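Asks: requesting a structural model of the entry that follows:
(4 chains)
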Amino acid sequence: MRRQPPQWRIEMLLIHCPYCDEARAEIEFAYAGEAHIVRPPDPSLMSDEEWQRYLFIRSNPRGRHHERWRHIHGCGRFFNAVRDTATDKFEATYKAGEPRR
Amino acid sequence: MTRFSAFSLFAKALGGHQSWPEQWPDASPKPDYDAIIVGAGGHGLGAAYYLAKKYGITKVAVIEKGWLGGGNTGRNTTIIRSNYLYDESAHLYDHALKLWDGLSQELNYNTMYSKRGVMMLAHNVHDVQSFKRHIHANRLNGVDNEWLSAEQAKEYCPPLSISPDARHPVLGAALQRRGGTARHDTVAWGYARAAAALGVDIIQNCAVTGIRRGADGAVEGVETTRGFIASKRIGVSAAGHSSVIMQMAGLDFPLESYPLQALVSEPVKPVFPCVVMSNTVHAYMSQSDKGELVIGAGTDQYVSYSQRGALHIVEHTLAAICEIFPIFRRMRMLRTWGGIVDVTPDRSPILGKTPVKGLYVNCGWGTGGFKATPGAGDLLAYTMAKDEPHPINAPYNLDRFRTGRLIDEAAAAAVAH
Amino acid sequence: MSGFRLDQGGRIDRSQPVSFSFDGVTYQGYAGDTLASALLANGVMLLGRSFKYHRPRGLLGAGSEEPNALVSVTRGPGRFTPNLRATSVELHEGLSATSQNRWPSLKTDFGAINDRLGMFLPAGFYNKTFMWPRSFWDRLYEPAIRRMAGLGEAPTEIDPDHYGATYAHCDLLIVGAGPAGIDAALEASGTSKRVVLLDEQDEAGGGALSDPALWKWLEESLKDLAAAPNITILRRTTAFGYYHDNFVGAVERLTDHLPHPADGAREKLWRIRADEVVLAQGAIERPLVFAGNDVPGVMLASAARTLLQRYGVAVGRSVALMAAHDSGWRDIFALARAGVGVAAIIDLRESVDAALLGEAQVLGIAVELGHSVIDVHGRLAVKGVTIARNDGAGAALLACDALLMAGGWTPSVHLWSHSKGSLAWRDDLGAYVPDQPNEAVRCVGACSGKWSFGSGLVTDSLPTPRDQSRIKAFVDFQNDVTAKDIRLAVREGFKSIEHIKRYTTTGMATDQGKTSNLNGLQIAAQALGRPVVDIGLTSFRPPYTPQSFGALAGHAQGALFQPTRKTGIDSWAEENGAVFELVAQWRRARYFPQGGEGMLAAVNRECRAVRSSVGIFDASTLGKIEVVGPDAAEFLNRMYTNPWKALEPGRCRYGLLLKEDGFITDDGVSARLAADRFHLTTTTGGAARVLNTMEDYLQTEWPDLDVWLTSTTEQWAVIALQGPMARKLLAPLVEGIDLSADAFPHMAIREGTICGVPTRLFRVSFTGELGFEINVPAAYGRALWERLIADGAAYGITPYGTEAMHVLRAEKGFIIVGQDTDGTVTPYDAGLDWAVGKKKPDFVGKRSLSRSDIVAPGRKQLVGLLTDDPTVVLEEGAQIVADPAQAVPMTMIGHVTSAYWSEALGRSIALALVAGGQQRIGEVLYVPMPDRVISARISGTVFYDPEGARLHV
Amino acid sequence: MSEALVRTDPVSGLDFVSEGVRLSLAGPMARFSLRARQPEVLEQLLGFKLPRQIGAIQAGAACLGPDEWLLRAPAGTKLSLGSGLPVAITEVSERSVCLIVEGPRAAEVLAAGCPLDLDRFTAGRATRTVFETVEIVLLRTGDNRFEVEVWRSFAPWFRTALETAAGQLR
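Replies: The predicted structure follows:
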């Protein structure tokens, strides 16, 4: 399920926006859930089980996590990031459509 | 087990408290068990206790990678209530609430369950409609929950500001008088001591590294940092780390883990007699028996296992607290901390069997796990003992995400229009 | 009386006497004093009572680590602050402080009965008792325990102060302006780096302030720093937390040190992002653990020296030292040189540096090596100590009126640990020191374990011939945790330091264990017979010292708490007596009472006006999105349930949005302005959410589409003109639009001008009447509204609010997303099958609509509900049952989502979600209320003008 | 036709002056959101060049994103809407108001709630950002001069926040 931006955002992490090419405060960004989960081109061909996987199953790793953020109060773009969920450190951010890092 | 009482306390005092025994032995793993519980939080220890007490399965190990009660059991804001909307939820949480009542005596360990009432504030017309819906449903389900006017709410909790000029004025409140708080650590310790007395092994500092499955797919035991431990029945009750454990059995789960923040003030003399929650401004508060104001905030926006406190959440939570309780602006924050909560798509738990034979799960409690502790333990024990869910936890199966029969309390509270 | 002011010395300003009061008694101090130093100068040694045993306590330290001397300070009405450390309260004229946690007075405290009963109240005693008889818990034990809670009283009045906040950015942030911090700043002065140097005290200098030999250096260094344009020094500023990516939170205290009332913000929150952080937080001296180590007058040796050198205060006339570390010798030598009487130096060690011995001899101080204090005499003040050789022999009484403790040093690694830097154990220091950083940070000076204090012995508790299980040797002074409590915890099986901490509460007081953690660790390790590193270290958690809620909330207070969004017409509503409701971030007029009307009368009147003539409604809060580009129709077709490609320019369509899980999330009427341009509307609360979701699909799933979204919610003021007279009122004002029914049918949009300003005029209706929604540029909304009110007077135009709007739409069976749906309702459940494009291969949420439980029979469906008694209006949220006679828990088959008195129908109406409802039309169901059961019949959802005749005129 | 409608602003038009900073409300202007994958298409249509770097301002147009510009032009300016082209031009003249923050302490006032490092946000730059929880478009039009675009309904809160921050400078 697509995530909605929360009611407030945070000013803790420093995030490099790959479009603005600048590190900006997290308060300008909205987290948007796990990355590289592609909406199937024809959902009607999917079984309930497959559809459930698309909708709900998430890798939720302790460690490297591919995720999407939106620079919602900046350039407005969604982009991808690799972050270590154990330390919250970003390994990379890259533009939407670029291959998984 | 030395029975705890004022008399034993007195007697031991005369001996300088030198002869108190260990409350639970620090067990080492045996080669095999009839049942293994992964995760020694309140839920897992409760499951072990009920397995031994109610279902006669005493050859049980509870495996904990750190120290017992060190996860969300020891990190939450200890709120207990059962005034949920849907039948499934009301039955689940009220089952727990009934077990809370009398738990101290059952465990011979004072869990300090205090029925001081949980009051949820309505700040707009939509809140009022939603709370009334809860109250009507609760009444017909036999769960206490009553509507208070703003003035009645203020009377019940004098620090509350009911100024109509507030940004989010209080229009009324829903009060569950049986709701309240308990001392979080003692719940884990009480279950641990009682379970150990029934023969349960509590194995701390033992991390599960794998789940071994046989040719037929059924579980055979767990690989741990202290070696392989065999069991045909494994119950996973690992809160924020459930995804990681389930993946060891090859199962992907509909879970995400988020940081949840809480904080306490410096202790002050009694000033706050109940629990107050406000979903609209995202804050909840009570006063501990030590005098600290215990304040919970929302979850962070991103998946994380870092348990690192976030300043923004603190800022917004305290702004909200000062808005509702402006007399506390000069109070001071003493300590903040974070827990990791595992959240399902419908924000209700998954409690039951899994597609892997012999593997049972209790996860996805999000921010609401503490209040369910005795109920979740009991139901996980039932499910493991009978290899089928109890009617109360049957709806909390994994299949609901496929079929669409979600139990979405938060959605039912809906968004403002 | 023990403490006194020396005739000279210190950094206080003796030319500026200051009078203040403590527990109602007035005293004199000097500018530059703290409350603690001034009280001690006046001979006041008893400053507080401990938490659990209510033991009398004096000063332990001289800074923010102080656990004992907690006071409440009043600065006038609403300005009461409990639990302040007397060592951190700066003295000012008129300061009024009181002691805490005692009744009736600090000297005579009935709560001290706990001390006498202490043997029955060991760590965790409450886990073991208060369980029988069971009924006593709720009524007696629990309330009694609660009454015992707390230190100071809570504030009871609203704080009139305000608080500020700011972001700040720097290249180098230095935390702590002691010698190490100042050196780091000097190093960076004159560079291009932006440097912020902050310190929690009123004066920069840290440890140098207690060392007159460094004062000249300090003065010159501070002059240099002040002259450096790239350096900002913040005093009275505590860095309380170290967050991700070198983000440090700090609070600056601005007015509490001034006589009140003082102008300006009381405190200011600094949110600092630094490229590099230097931590120079120093180290905190460690108490020693022995019987009676908490009697007022027993204190840290370094604190005594600080009181002497900074404040010119002697802690006693005959001062003894109990040392395990060289630094204490230096401290007591300073006292001796200043003329303070020294009783003796007792040192745990069998031998110490000859230089120390030599100096003691020069100063004529008696030295007892290989000895420990085994008891302290006196209750409210030290009267003497008993010492004994470490083997227990040779007990002797030593008269003194103060006892200093020198137990070694604990580097302040708090912020380092917040930043998740790793720690390494140093056996020689008996302490953890910073090891590997996790951020761009380094530690300098004493907090890195580097100091020139000499060396010492690391102890758990001092040797004693007495029964360890019978003596109270304190580890955590405020929480009254003794060495035997920690040993009891270990005995009972609590073996990790986190368990021990939680069981005994050691380190959990308001000082967060600054003076107790390491002693606790040593004692636990000794009891367990294991190395300290095996039992772990409790985590350091923000804040470093307690910080006010007000400062942390920053300026988000009062009018600045959260924005209340108002439309341009809101001011008119306010002037005309509207009652408002809050919807999402917006304030909306709910109804416009006239002449003392209640809500029902006003709403009835407003509804009558719309049905009979014309009503006017401010719909500006509706979300609006302009969707533009060659692929606009294709995009909407994928987002919404219904088809959009064939919609002709100039026409409108009701659109329904689902989440991917198939449940309704938003709706609205949208218009096609041109082949490649749509004007969407959303619900008021859904505007931002819908835009974000659409951007998400557009950017992530369908980046190939040439279409762009722009929020226009605030570009347009929207005035709904509804009722049979709407067209007549509107026609003379509009240019360029033919308003006739044929030229401008229902569900159409036209562009033109109204009163000379451009308009997008929708012919739409949420009331069932002939209606228009007039969009004009927002700056003109109020003027147009007033023109319509003026011109509409001839038709009895009536402003109506959201409540009448709800009634009118419910009469027509139009849903409100979020009220008649709740996030678990599909289009089929809501009876909106007609809005689902059956032929569309896909749209967001479509696949979920065919899941087994979504197509299963018995789902709750939206229906109408007519009470048998037409005068009874159901309560929204009331539950519906088929059999009202059943026992609790009842089987509930639905609930009322909307219920109103319908003035048009002269009866009540309701909408409800009922299991299998669409098959139950005509059935009678029951709504059990607390006092009665209401019967009602299921109906269709359209109550008024089901043919829609009134729309198409 | 009777007399023309008058404009209403959401905040006072009066200046607020405090030590080192002045707040004022800019007069009416035309504003357009310009969107295109290829800026050349827009440039051809509009007849002027657009800045290519996110954060740059040129000829009244601020580049806010890879395909987004905010054009601010004299009140009454009309643009061709480029119908049929792969562009989106939407008029948003009245969506926001512009508060001008100027004076030697202007940056300090904005730093009260804006997380940007304003020392590194030099004159001639523009960006969308936030002031506490409220979204703004910040344009630095001089070393000591900022123009802040804020949506109308947030303007009263924002103005109060700026005045409060200015009043708290010491």
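Asks: CA atoms for contacts and neighbours, from now on please.
Replies: OK.
Asks: any idea how far stretch C:910-922 is from the chain center?
Replies: Stretch C:910-922 sits 45 Å away from the centroid of its parent chain (CA atoms, centre = their mean, to the nearest Å).
Asks: who does the residue of chain D found nearest chain A bridge with?
Replies: Of all residues in chain D, D:G65 sits closest to chain A, at 4.1 Å by CA to the nearest CA. Per DSSP bridges, the residues bridged to D:G65 are D:E68.
Asks: let me know the helix or strand that the residue in the stretch 151-300 of chain B positioned nearest to chain A is in.
Replies: Nearest residue of the stretch 151-300 of chain B to chain A, counting by CA to the nearest CA: B:P254, 4.3 Å away. Using DSSP states H and E, B:P254 falls within no helix or strand.
Asks: and it, how many neighbours?
Replies: Neighbourhood size, B:P254 [other CA atoms under 10 Å in any protein chain shown]: 23.
Asks: that one and D:A107, how far apart?
Replies: 46 Å (CA to CA, to the nearest Å).
Asks: circling back to that earlier point, you'd agree the residue of the stretch 151-300 of chain B closest to chain A is up against A:F56?
Replies: Yes: assessed by CA atoms under 8 Å, B:P254 is found in contact with A:F56 at 5.1 Å.
Asks: residues bridging contact with those two, i.e. touching both?
Replies: Residues touching both B:P254 and A:F56 (CA atoms under 8 Å, 6 or more residues apart in numbering or on different chains): B:P345.
Asks: closest residue of chain A to chain D?
Replies: At 4.1 Å from chain D, A:C75 is the closest residue in chain A, using CA to the nearest CA.
Asks: model confidence for that residue, exactly?
Replies: Note on A:C75: pLDDT of 98.
Asks: again with C:K495
Replies: Value for C:K495, per-residue pLDDT: 91.
Asks: how many neighbours does the nearest residue to it once chain neighbours are set aside have?
Replies: Spatial nearest neighbour of C:K495, chain neighbours left out: C:I535 (7.1 Å); criterion: CA to CA, 6 or more residues apart in numbering or on different chains. C:I535 has 19 neighbours, counted by other CA under 10 Å.
Asks: isn't B:V281 right up against B:L318?
Replies: No: using CA under 8 Å, B:V281 is not in contact with B:L318; the gap is 10.2 Å.
Asks: tell me which of those two has more neighbours.
Replies: Taking other CA under 10 Å, B:V281 and B:L318 do not tie; B:L318 has more neighbours (30 against 22).
Asks: helices of the stretch 101-250 of chain B, start to end?
Replies: Remark: helices assigned in the stretch 101-250 of chain B by DSSP state H, counting those that start in this stretch are B:103-107, B:125-141, B:150-156, B:184-197, B:242-248.
Asks: the third one: how far from the chain's middle?
Replies: Right, helix B:150-156. Here helix B:150-156 shows a centroid-to-chain-centroid distance of 28 Å under the convention CA atoms, centre = their mean.
Asks: and it, does that touch chain C?
Replies: No: legend: contact between helix B:150-156 and chain C by CA under 8 Å from any CA of the partner chain is lacking; minimum distance shown is 13.9 Å.
Asks: tell me the mean pLDDT over stretch C:250-260?
Replies: Mean predicted confidence for stretch C:250-260 is 96.
Asks: and what of stretch B:188-199?
Replies: 98.
Asks: tell me who's in contact with C:S192.
Replies: C:N230.
Asks: what residues are up against the residue most central in space within chain D?
Replies: Compute the mean C-alpha point of chain D, and by CA atoms, centre = their mean the closest residue is D:E149, 3.3 Å away. Residues in contact with D:E149 (CA under 8 Å, 6+ apart) are D:S96, D:V97, D:C98, D:L99, D:I136, D:V137, D:L138.
Asks: ok, and the closest non-adjacent residue to it?
Replies: Going by CA to CA, 6+ apart, D:E149 has D:C98 as its nearest residue, at 4.5 Å.
Asks: can I assume that neighbour is in contact with D:R152?
Replies: No: D:C98 is beyond contact range of D:R152, at 9.2 Å (criterion: CA under 8 Å).
Asks: neighbour count winner among these two?
Replies: Between D:C98 and D:R152, counted using other CA under 10 Å, the more crowded position is D:R152 (26 against 22).
Asks: do you know the pLDDT at the more buried one?
Replies: 98.
Asks: with D:L169 instead?
Replies: On the pLDDT scale, D:L169 gets 88.
Asks: so it, which state does it fall into?
Replies: Classification of D:L169 using DSSP: H, G, I helix; E, B strand; the rest coil returns coil.
Asks: show me what contacts it?
Replies: Residues near D:L169 by CA under 8 Å, 6+ apart: D:E19, D:V109.
Asks: could you check how far it is from C:T166?
Replies: D:L169 is 10 Å from C:T166, where distance means CA to CA.
Asks: run through who's touching the host helix or strand of D:T141.
Replies: Take DSSP H and E as the rule and D:T141 turns out to sit in strand D:134-142. Strand D:134-142 has contacts (CA under 8 Å, 6+ apart) with A:73, D:121-130, D:146-151, D:154, D:158.
Asks: do stretch C:590-599 as well
Replies: Applying CA under 8 Å, 6+ apart, the external contacts of stretch C:590-599 come out as C:573, C:576-581, C:601-603, C:799-804.
Asks: what's the mean pLDDT across it?
Replies: Mean predicted confidence for stretch C:590-599 is 97.
Asks: list the buried residues for it?
Replies: Neighbour counts over stretch C:590-599 (16 or more other CA atoms under 10 Å in any protein chain shown) mark C:R590, C:Y591, C:F592, C:P593, C:M599 as buried.
Asks: now do stretch A:61-79
Replies: Residues A:61-79 are the ones in stretch A:61-79 that count as buried (16+ other CA under 10 Å).
Asks: in strands, which of those appear?
Replies: Taking DSSP state E, the ones among the buried residues of stretch A:61-79 that sit in strands are A:R64, A:H65, A:H66, A:E67, A:R68, A:W69, A:R70, A:F78, A:F79.
Asks: strands of the chain, start to end?
Replies: If you meant another chain, say so; for now it's chain A. Assigned by DSSP E, chain A shows strands spanning A:14-17, A:22-25, A:30-34, A:64-70, A:78-84, A:90-95.
Asks: you looked at the wrong chain, it should be chain D
Replies: D:16-18, D:21-25, D:29-36, D:57-58, D:61-65, D:68-74, D:87-91, D:96-102, D:126-131, D:134-142, D:145-151.
Asks: compute the inter-axis angle for the last one and strand D:21-25.
Replies: So that's strand D:145-151. Here strand D:145-151 runs at an angle of 40 degrees relative to strand D:21-25 (axes from the mean of the first three to the mean of the last three CA atoms, to 10 degrees).
Asks: and what of the third one?
Replies: Per the same axes, to 10 degrees, the angle that strand D:29-36 makes with strand D:21-25 is 80 degrees.
Asks: put the alpha carbons of strand D:29-36 into CSV.
Replies: Extracted in CSV, the C-alpha atoms of strand D:29-36 (Å, rounded to 0.1, in the frame of the first residue of the first chain):
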residue,chain,number,x,y,z
MET,D,29,1.4,39.7,-9.0
ALA,D,30,0.7,37.0,-11.6
ARG,D,31,2.1,33.6,-10.8
PHE,D,32,2.2,30.5,-13.0
SER,D,33,3.3,27.0,-12.4
LEU,D,34,5.2,25.9,-15.5
ARG,D,35,5.8,22.2,-16.1
ALA,D,36,7.5,20.4,-18.9
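Asks: and it with chain C, contact?
Replies: Yes: counting by CA under 8 Å from any CA, chain C has neighbours in strand D:29-36: D:S33, D:R35.
Asks: that strand packs against which elements?
Replies: strand D:68-74, strand D:87-91 (3 or more CA pairs under 8 Å, 6 or more residues apart in numbering or on different chains; DSSP states H and E).
Asks: which of those strands is buried the deepest?
Replies: Stretch with highest mean neighbour count among the helices and strands packed on strand D:29-36: strand D:87-91 (a mean of 25; mean count of other CA atoms under 10 Å in any protein chain shown).
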